[in-house]
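**Student:** Let me see the structure of the following:
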Amino acid sequence: MNQHAKRFPISHVFGFFLSLILTFGAAWVALMTSLPPKIIMWFIGSLAFIQASIQLLLFMHMREGENKTVNSINMLYAFFLAFVIVAGSIWVLTSGHSH
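**Tutor:** Take a look at the predicted model:
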């Protein structure tokens, strides 16, 4: 076995516990606070973005591999496409009522 396979995956354990903390934090804000719904949704969305970033870096090994630049460009392109699809869908669905 090589040296890489024998190590304890401390980054995976750290990422798992950090993801749990963020998930329970979002649930606590949603259920136990009396903040306005808009602020709660922004807070949950922010925590979801942070959690997705953590999972990309720690679980999906975005920092590893032969060509890190290509991985980063592919992820930026995927985020751009997701944003265009979601924003376009919201735009089309909300502007159709005025006509």
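**Student:** how about low-confidence regions in the chain?
**Tutor:** Per-residue confidence for the chain (pLDDT under 70) gives these ranges: 1-5, 62-63, 97-99.
**Student:** any idea how it splits into domains?
**Tutor:** Following the assignment in automatic domain parsing, the chain carries domains at 1-64, 66-99.
**Student:** Just send the ones you listed back as JSON lines, with mean neighbour count too.
**Tutor:** Heads up, the C-betas are built off the backbone N, CA and C, glycines and all. Written out in JSON lines, the entries for those read as follows (neighbours: other C-beta atoms under 10 Å):
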{"stretch": "domain 1-64", "mean neighbour count": "12"}
{"stretch": "domain 66-99", "mean neighbour count": "10"}
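**Student:** Look at the spatially most central residue of the chain and give its secondary structure.
**Tutor:** Centre of the chain computed as the mean C-alpha position; nearest residue by C-alpha atoms, centre = their mean is A52, 2.0 Å away. Remark: A52 carries the secondary structure label helix [criterion: DSSP: H, G, I helix; E, B strand; the rest coil].
**Student:** F8 now?
**Tutor:** coil.
**Student:** Which helix in this protein has the most residues?
**Tutor:** If you go by DSSP state H, the chain has its longest helix at helix 68-95.
**Student:** which helices and strands sit right next to that helix?
**Tutor:** In terms of contact count using 3 or more C-beta pairs under 8 Å, 6 or more residues apart in numbering; DSSP states H and E, helix 68-95 is assigned no packing partners among helices or strands.
**Student:** Distance from the chain centre to that helix, please.
**Tutor:** For helix 68-95, the distance between its averaged C-alpha position and the chain's averaged C-alpha position is 13 Å (C-alpha atoms, centre = their mean, to the nearest Å).
**Student:** Please apply the same query to stretch 45-56.
**Tutor:** Chain-centre distance of stretch 45-56: 3 Å, with C-alpha atoms, centre = their mean.
**Student:** just use 6 as the starting number from now, easier for me
**Tutor:** Yes, from this point I'll number from 6; that puts the last item at stretch 50-61.
**Student:** Let me have it in CSV, keeping just the CA atoms, if that works.
**Tutor:** The C-alpha trace of stretch 50-61 is given here as CSV (Å, rounded to 0.1, in the frame of the first residue of the first chain):
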residue,chain,number,x,y,z
GLY,A,50,-29.1,30.0,1.5
SER,A,51,-25.8,31.4,2.7
LEU,A,52,-25.2,28.4,4.9
ALA,A,53,-26.1,26.1,2.0
PHE,A,54,-23.5,27.8,-0.2
ILE,A,55,-20.8,27.4,2.5
GLN,A,56,-21.7,23.8,3.0
ALA,A,57,-21.6,23.1,-0.8
SER,A,58,-18.2,24.7,-1.0
ILE,A,59,-16.9,22.6,2.0
GLN,A,60,-18.2,19.4,0.3
LEU,A,61,-16.6,20.3,-3.0
